[in-house]
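Peer 1: Turn this into a structure:
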Amino acid sequence: MPGAVTVATLAALRARAEKAVFVTAYDYATASYADRAGADMILVGDSAAMTMMGLPNTLGIGMTEMLVFARSVTRAVRRALVIGDLPFLSYQPSDEAAVRNAGAFIGRAGCGAVKCEGGRPVVRRVRAMVGAGIAVMGHLGLTPQSLGQLGGYRIQGRSLEAAQRLVDDALALEDAGVFAILIEAVPAETAALVRDRLSVPLYGIGAGPHVDGQLVIAHDMLGCFVGEIAPRFVKRYAEVGDAIERAFRAYAEDVRAGRFPGPEHCYAIDPANEAEIRHARLEGAHS
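Peer 2: Coordinates of the predicted model:
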């Protein structure tokens, strides 16, 4: 099971005012690159529904798919803490469902922790999972599993009243035993207010710099997400998607022009055997 980074490591980073590096990845190769580059945490996000499966939102992915992605990631990781993202309706129905599915991420997929969305309404579920010995991360702000209630992808916490509700939810999650909280798509000052009230680390995705670490989705930062959503808060560090498409176009052109495969891509054969095989081909053509 990965890795050298634990919840205690993350608490120590916060105590030293050092930022944690947090990346969402879903496959062996990407997780391997992120881990080797020094990521502290890798989230196997339910955003795989969109990035890996082409769905319009995160609501259509279930535990079966999430465990496949999670096992791919944990097989690659040696250092980072891998966190499994509990998908829609895998924890909301009951404490039993929450513990069972969180336990699958830990026991079957090899994750070190799980994440679930929501504030006070999920406190009971969080307590059940923590009581079962599972490390749980909370998720506040824009919670994609609640898109119907939120009215779409909308910035949260823009008023003092809304910011205070986030503080109250964060404190409730902390009291329930989460080791950290992710806050998504809120103004920087709101995130700072929440962070100042907490004892556990607060990580941000689209939440400004005043948090204990930053999360990005690998597909977003690498420029290889095929879709219409382009979050304002994402910084592109590469344009991998364009490079991949160019490579496929070059490959197609070489195949159609007969340039691939060339002699250097073919296996060697003893000249005598080659002559016999060529002769057999000619005889077959004339028979």
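Peer 1: Any regions of the chain where pLDDT drops low?
Peer 2: Low-confidence segments of the chain, defined by pLDDT under 70: 1-3, 148-152, 228-230, 287.
Peer 1: So which residues of it form helices?
Peer 2: Under the criterion DSSP state H, the chain contains helices at 7-15, 28-36, 48-51, 63-76, 95-107, 123-131, 147-150, 160-176, 188-197, 218-222, 240-257, 271-286.
Peer 1: In contact with the spatially closest residue to D169 that is not a sequence neighbour, which residues?
Peer 2: Excluding the flanking residues, the one nearest D169 by C-beta to C-beta, 6 or more residues apart in numbering is G119, at 2.6 Å. C-beta: built from backbone N, CA, C; applies to glycine. By C-beta atoms under 8 Å, 6 or more residues apart in numbering, the contact list for G119 reads 138, 140, 165-166, 168-170, 172-173.
Peer 1: What lies in contact with stretch 200-207?
Peer 2: Here stretch 200-207 has contacts from 10-11, 13-14, 20, 22, 141-142, 170, 174, 178-188, 190-191, 194-195, 211-217, 231-233, using C-beta under 8 Å, 6+ apart.
Peer 1: Any buried residues in stretch 167-179, and which?
Peer 2: For stretch 167-179, a neighbour-count test (16 or more other C-beta atoms under 10 Å) marks 167, 169-174, 176-179 as buried.
Peer 1: Please parse the protein into its domains.
Peer 2: Per the record, the chain has its domains at 7-238, 251-286, by automatic domain parsing.
Peer 1: for these, which one ends up most surrounded?
Peer 2: Mean neighbour count (mean count of other C-beta atoms under 10 Å) peaks for domain 7-238 among those, with a mean of 19.
Peer 1: C224 versus A15, what's the distance?
Peer 2: 36 Å (C-beta to C-beta, to the nearest Å).
Peer 1: Oops, could you answer that again for G62 instead?
Peer 2: In terms of C-beta to C-beta, G62 sits 24 Å off from C224.
Peer 1: Same check on R246?
Peer 2: Separation of R246 from C224 (C-beta to C-beta) stands at 13 Å.
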